[in-house]
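Student: Okay, sequence plus prediction incoming.
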Amino acid sequence: MYWGRIVVVIGVLAVIAGLVYWIVMSTRITNKETERWWIAGQSVDCVGESPQRCLQVRKGENESVELLYTEIDGFSYREGTEYELLVSRETLDEMPADASSQRYELVKVLSETEIPYVMISSITTGAKVELVGNGNLLIAGRGRGLFENNVVVRLLDGQGTVMDEGNTLLQIDETGGEGEWEMSFVSPNVSTDNGFVEAVSPSPKDGSETIRYRVPVQFVRDGVTLKLEGQQWNLVGYRQDEAVMTALSGTTMKLVDGEIRGSGGCNNYFGSYTVDDDRMSVSGIGSTLMYCEDLMEQETAYLQLLEQVRGYEIVDSQLQLYGEDATALLVFEPAKVWPLEGSWNLRQYNNGKETIVRLETGIEITAVFEGGKMVGSAGCNNYTTSYEAKGTEITLGEIGVTRKLCQEPEGVMDQEQAYLSALGTVKQFSIDNGVLSLFNEEGVRQAVYDRVVGLEQ
């Protein structure tokens, strides 16, 4: 009898507890509505309790776009897809101060439409990005429907100012399809701790950036170690008599599997090398046989010093190659990634007589690469052509030229004709330390440009 009463009491208490729970929940949920929402095909970076990605939502046909800081239960969002949804919205009372008073749940997907997009997949919002030393930074992502599959990747400071940037392509065969992209920065030019990594795609009409994906990050300068082999080095100094002279731009070196290759500033060179701990030797140096005004003295000295190398050391983000007496012969820095798109001024060109010559005084020749179009001044006339760049290969279309005749400065028309003839043979390019070189199919340099700095790219 006693135990029977206990069971009855427990049952009554359970019923009371259930009633109390129902009453509490009924008071917490004060309103529940079904709404039609439109979700944009590109999320954006935002800051709630911490940096995050937010959906861009329009809660009604005539409503303005707002950011959604919380999730929609049961809904899986894909970048590059616009959605029309039916969403259930509940208003909750007595929620924690840092929680949303709204709860959203997917009722039905009414429509979804794929659109062009670009996104970064290798870095999450608020992530720490290691840049220390002058190490490599690999950024990867996806995209679809981009103009000529082009992606521009940028490192930005906290105010959105570009610190470094580079161009890459979707890794797909057909234009306008969907695929992945990668961009490798070597020795990225970063001058801040907090900033952004951004991927954009240009418009085919005017080069404006129609698609953008930006991720806030924290740049960290720890944990990256420079390696002797596998990356390109740019010469910044070479020994002459008892001093190390500042090198002219354009001399490069890359060491891979016992082969050394690069540019001496004028000619391409090649040879062999061996490495044993901090010991190193170079042998069998050969090169092409072009003549370049103002560069031959440095190139000759550089190639001679290479064969005197007996050791190496990487100190303070510089590679130093030593001679037998541990004297620094050559000093290099890691190559930086420079975008092809932008404005360039011609420094030297191939005159068609196996010689690279500088411009005559008073003549300016320019090139601007943007959105698959190359335009510029050839000295007298303006020219225009299309271009397609992939890796180190570049293809120029038919070159169109205006038809002016200039008498001054003297020699301007001969120089213009030689420059345009050189452009017509271009098949390859390289960008080293802000210097753009165009080569023919055999690797012979045809034109050398300096990047125009201080312009909005």
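Tutor: Sure thing, it's come through. Numbers count the residues shown, from 1 in each chain.
Student: quick one: pLDDT of the closest residue to residue 322 other than its chain neighbours?
Tutor: Distances taken as CB to CB, 6 or more residues apart in numbering place residue 311 nearest to residue 322, at 4.3 Å, with adjacent residues excluded. From N, CA and C alone the C-beta is placed, and that goes for glycine too. As predicted, residue 311 sits at a pLDDT of 93.
Student: Surely residue 311 is in contact with residue 279?
Tutor: Yes: look at residue 311 against residue 279 with CB atoms under 8 Å: they come within range, at 5.3 Å.
Student: which of the residues in stretch 174-192 are buried?
Tutor: Within stretch 174-192, the residues that qualify as buried are 178, 181, 183, 185, 186, 187, 188, 190, counting by 16 or more other CB atoms under 10 Å.
Student: partners of the fifth one in the sheet?
Tutor: The residues listed as beta-bridge partners of residue 186 by DSSP bridges are residue 136.
Student: How about residue 111?
Tutor: So, taking DSSP bridges as the rule, residue 111 has residue 84 as bridge partners.
Student: Residue 182 too?
Tutor: Under DSSP bridges, the residues paired with residue 182 across the bridge are residue 140.
Student: in terms of contact, does it touch residue 143 like I think?
Tutor: No: if you go by CB under 8 Å, residue 182 and residue 143 don't touch, sitting 11.6 Å apart.
Student: count of neighbours near residue 238?
Tutor: By the other CB atoms under 10 Å criterion, the neighbourhood of residue 238 contains 24 residues.
Student: Could you do residue 55 as well?
Tutor: Neighbours around residue 55, by other CB under 10 Å: 21.
Student: chain center to the host helix or strand of it, what's the gap?
Tutor: Using DSSP states H and E, the element containing residue 55 is strand 51-58. Computed by CA atoms, centre = their mean, to the nearest Å, the chain-centroid distance of strand 51-58 equals 24 Å.
Student: Break the chain into its domains for me.
Tutor: The chain breaks down by automatic domain parsing into domains covering 28-115, 118-220, 232-334, 342-451.
Student: Could you pull up phi and psi at residue 148?
Tutor: With angles defined as degrees, to the nearest 10, residue 148 sits at phi 50, psi 30.
Student: and if you look at the one 5 residues further on?
Tutor: Note on residue 153: its backbone torsions stand at phi -110, psi 130 [degrees, to the nearest 10].
Student: so it sits right up against residue 165, yeah?
Tutor: Yes: under the criterion of CB under 8 Å, residue 153 makes contact with residue 165 at 6.6 Å.
Student: who's more crowded, those two?
Tutor: It is residue 153, of residue 153 and residue 165, that has more neighbours when counted by other CB under 10 Å, with 27 against 22.
Student: Name whatever forms a beta bridge with that one.
Tutor: Applying DSSP bridges to residue 153 gives these bridge partners: residue 166, residue 199.
Student: if we can go back for a sec, who has more neighbours, residue 311 and residue 279?
Tutor: The residue with more neighbours, out of residue 311 and residue 279, is residue 311; 18 against 12, by other CB under 10 Å.
Student: show me the contacts for that one.
Tutor: For residue 311, the contact set (CB atoms under 8 Å, 6 or more residues apart in numbering) comprises 278, 279, 280, 321, 322, 326.
Student: you'd agree the third one is up against residue 273?
Tutor: Yes: under the contact definition of CB under 8 Å, residue 280 touches residue 273, with a separation of 6.5 Å.
Student: higher neighbour count, those two?
Tutor: Taking other CB under 10 Å, residue 280 and residue 273 do not tie; residue 273 has more neighbours (22 against 18).
Student: just the CA coordinates of the helix or strand that one falls within, formatted as CSV?
Tutor: Residue 273 is part of strand 268-276 when elements are defined by DSSP H and E. C-alpha atoms of strand 268-276 as CSV (Å, rounded to 0.1, in the frame of the first residue of the first chain):
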residue,chain,number,x,y,z
ASN,A,268,69.1,32.7,-70.4
TYR,A,269,71.7,30.4,-68.8
PHE,A,270,71.9,26.8,-67.6
GLY,A,271,74.2,24.4,-65.9
SER,A,272,74.7,21.9,-63.1
TYR,A,273,75.0,22.2,-59.3
THR,A,274,75.7,19.9,-56.3
VAL,A,275,74.8,20.5,-52.7
ASP,A,276,76.2,18.8,-49.6
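Student: Now that strand: average pLDDT?
Tutor: According to the model, strand 268-276 has a mean pLDDT of 92.
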